[in-house]
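K.L.:
make a model of this:
(one chain, ligands or ions: 2)
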Amino acid sequence: MTSPNNSNKNNSSANNETDKESSEKQNGMLAGIFERATKSGLGRKKSNPSSVESAVAKDMADIHSNPTKLRLAFLGGGSFGTAMANLAARNGCDTTLWVRNKRTVKAMAKTQTNKKYLPGYKLDDRLKYSHDLAASVKDKDIIFIAVPGLAFRETLKNIAPFISGQSIVSLTKGMEKDTFAMMSDIIKEVLPEVNFGVMSGPNLAIEIMKNMPSATVIASESEPLRHAVQAALHSAFFRVFASDDIRGVELGGALKNIYAIAMGMAAAYEVGENTKAMILTRALAEMSRFGVEEGANPLTFLGLSGVGDLYATCSSELSRNYRIGNMLGRGMSIDAAVKKLGQTAEGVNTIQQVHEKATKAGIYMPITHALYAVIYEDKAALGVALHLMEAGFRSDVEFVMAHDHSNAALTAHMKTSGSNTKSKDGDADK
Ligand SMILES: NC(=O)C1=CN([C@@H]2O[C@H](COP(=O)(O)OP(=O)(O)OC[C@H]3O[C@@H](n4cnc5c(N)ncnc54)[C@H](O)[C@@H]3O)[C@@H](O)[C@H]2O)C=CC1
Ligand SMILES: O=C(CO)COP(=O)(O)O
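P.N.:
Numbering: from 1, shown residues only. Ligands and ions are numbered 1, 2, ... in the order given. Sure, this is the predicted structure:
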């Protein structure tokens, strides 16, 4: 006879075995993901840094101990370029904000405000303004680029003749039209020798101008560059965290725009808090699933550039993407909403790029596909939302418990009993 103690012992040893097996299974899954992430070449330190990188790294290390020595250029005089340039100037860095329009530059220098994008916010006295691109980028340590994604390649090509060792940091949260290139891909194509990074996080420009405590992430393979960006921008109101997962950080910033549009639309339909939480969390699942396929580390999506930015943009009317979604939810056409906004909303293009890429690559992105169907295929939002709710059974966090493909049997059963579990493109739940 087995005593209760023995039985506990047996149970606990059986449980231990099961725990061990399941933890081994999880470790195996994560090891596979990390291997793919590192194989992509992103998020890895170069074993042989180029001579340019070594030279810059040496300077950066010196500069780290004295950030005011840094010479910086910010390209793009919209709300974000201006807000970031202002932070750097306030920290005492020698900072030039390049704006393409000569008249705007004159007005900004005279009024020390950005009347169009950040009206009413006084900029630091030490911030310099220029419309001369060559003069703005020459002899700088770091060039920050804050133009919309659709203008990123053109901007890089324009500065290429004047690059001689400067580092480049993308602040842009978009994707190139049709090529699906991220900003880091474009930097590597146009300026293959350059030392670079991407910066992304929950950074609504107006809140930064109001000195509301905020934080962001600089991702780069170059540690000196990461430190230099931290030194340039860090203040009592703004913290800069570091990462070496370039792909994960920039995908977080780009993908969250899709879900900010979805959430703005949901708000127009006055959905409840449970619904908002479901959208936000399933959005995070989509983002990390897509990220892993693109070589990112899924854990990056748990950081500021992932869930942090997703939360900020999905819950604030300060987000232009959220506002676009809200206008769509109130019955406006996409063209009318974009025109009314009059500012950059990267998500409008990103939905199209990600929908196409995920469809081709067979990545399960139901919210993105649903949003695409509403915006670009004129499907009724309510019908699409109901359809989403009918999708087959899935696991919650698929890096903890892999999606159970025995669902296929269940899906088949539901189909024969009349339920429609088909995804938009006709496949059964993948
Ligand atoms: N505003 C924000 O809170 C944040 C924005 N970002 C990202 O920063 C990037 C820029 O956004 P915002 O400054 O907010 O946009 P914005 O709409 O406020 O301004 C865009 C600026 O880019 C300029 N521009 C457009 N095409 C150009 C071209 N071909 N050459 C040079 N300049 C050009 C415009 O004249 C304007 O000054 C976007 O990718 C955005 O997602 C990132 C974090 C926060
Ligand atoms: O990226 C942002 C905040 O982190 C800004 O979001 P919007 O581009 O939607 O305004």
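
K.L.:
mean confidence score for stretch 128-135?
P.N.:
Stretch 128-135 shows a mean pLDDT of 98.

K.L.:
okay, how far is it across that stretch, tip to tip?
P.N.:
Terminal residues of stretch 128-135 lie 12 Å apart, using C-alpha to C-alpha, to the nearest Å.

K.L.:
ok, residues contacting it?
P.N.:
75, 77, 95-102, 104-105, 108-109, 136, 158-159, 161-162 (C-beta atoms under 8 Å, 6 or more residues apart in numbering). C-beta: built from backbone N, CA, C; applies to glycine.

K.L.:
write a PyMOL command that selects only the buried members of these.
P.N.:
Typed into PyMOL, the next command selects the buried ones out of these (criterion: 16 or more other C-beta atoms under 10 Å):
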select buried, resi 75+77+95+96+97+98+99+104+105+108+136+159+162
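
K.L.:
give me the subset of the contacts of stretch 128-135 lying in helices.
P.N.:
Lys102, Thr104, Val105, Met108, Ala109, Ser136, Asn158, Ile159 (DSSP state H).

K.L.:
now those residues as JSON lines including distance to Phe290?
P.N.:
Shown next, in JSON lines, are those (distance: C-beta to C-beta, whole Å):
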{"residue": "Lys102", "distance to Phe290": "41"}
{"residue": "Thr104", "distance to Phe290": "37"}
{"residue": "Val105", "distance to Phe290": "39"}
{"residue": "Met108", "distance to Phe290": "38"}
{"residue": "Ala109", "distance to Phe290": "43"}
{"residue": "Ser136", "distance to Phe290": "35"}
{"residue": "Asn158", "distance to Phe290": "31"}
{"residue": "Ile159", "distance to Phe290": "30"}
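
K.L.:
what is the nearest of these to Leu233?
P.N.:
Closest approach to Leu233 among these (C-beta to C-beta): Ser136, at 18.4 Å.

K.L.:
which parts of the protein sit against ligand 2?
P.N.:
Applying C-beta under 6 Å from any ligand atom, one finds that the chain approaches ligand 2 through Lys173, Pro202, Asn203, Leu204, Asn257, Ala260, Asp309, Ala312, Thr313, Ser319, Arg320, Asn321.

K.L.:
give the helix, strand or coil label for the residue nearest the centre of the chain.
P.N.:
For the chain, Gly253 is the residue whose C-alpha lies nearest the centre (C-alpha atoms, centre = their mean; 1.2 Å). With DSSP: H, G, I helix; E, B strand; the rest coil as the basis, the three-state label of Gly253 is helix.

K.L.:
likewise for Ala296?
P.N.:
For Ala296, the secondary structure call by three-state DSSP comes out as coil.

K.L.:
Leu355 and Ile367 touch, don't they?
P.N.:
No, residue 355 isn't Leu; it's His. No - counting by C-beta atoms under 8 Å, His355 does not reach Ile367; the two are 10.5 Å apart.

K.L.:
what residues does the stretch 1-150 of the chain have near ligand 1?
P.N.:
Near ligand 1, when you scan the stretch 1-150 of the chain using C-beta under 6 Å from any ligand atom, you find Gly76, Gly77, Gly78, Ser79, Phe80, Gly81, Arg100, Tyr117, Ala146, Val147, Pro148, Gly149.

K.L.:
most neighbours of all those, which one?
P.N.:
Ala146 (28 neighbours; other C-beta atoms under 10 Å).

K.L.:
residues in contact with the residue in the chain that ligand 1 sits nearest to?
P.N.:
Closest contact between the chain and ligand 1, by C-beta to the nearest ligand atom, is at Gly78 (1.8 Å). Applying C-beta under 8 Å, 6+ apart, we find Gly78 in contact with Tyr117, Ala146, Val147, Pro148, Gln343, Thr344.

K.L.:
for Lys69, what are phi and psi?
P.N.:
Here is the backbone geometry of Lys69 (degrees, to the nearest 10): phi -70, psi -20.

K.L.:
so for His403, what's the pLDDT?
P.N.:
So His403 comes in at 80 (pLDDT).

K.L.:
these two touch, right, it and Val397?
P.N.:
No - judged on C-beta under 8 Å, His403 makes no contact with Val397 at a distance of 10.4 Å.

K.L.:
so between those two, which is more surrounded?
P.N.:
For the pair His403 and Val397, the greater number of neighbours falls to His403 (15 against 11), based on other C-beta under 10 Å.

K.L.:
got the contact list for that one?
P.N.:
His403 makes contact with Arg394, Ser395, according to C-beta under 8 Å, 6+ apart.

K.L.:
part of a strand, is it?
P.N.:
No - His403 sits outside any strand when classified using three-state DSSP, being coil.

K.L.:
quick check on it: phi, psi?
P.N.:
phi -60, psi 130.

K.L.:
kindly report the same for Ala345.
P.N.:
phi -130, psi 90.

K.L.:
OK, contacts around it?
P.N.:
Per C-beta under 8 Å, 6+ apart, neighbours of Ala345: Asn257, Ile261, Arg320, Asn321, Arg323, Ile324, Val338.
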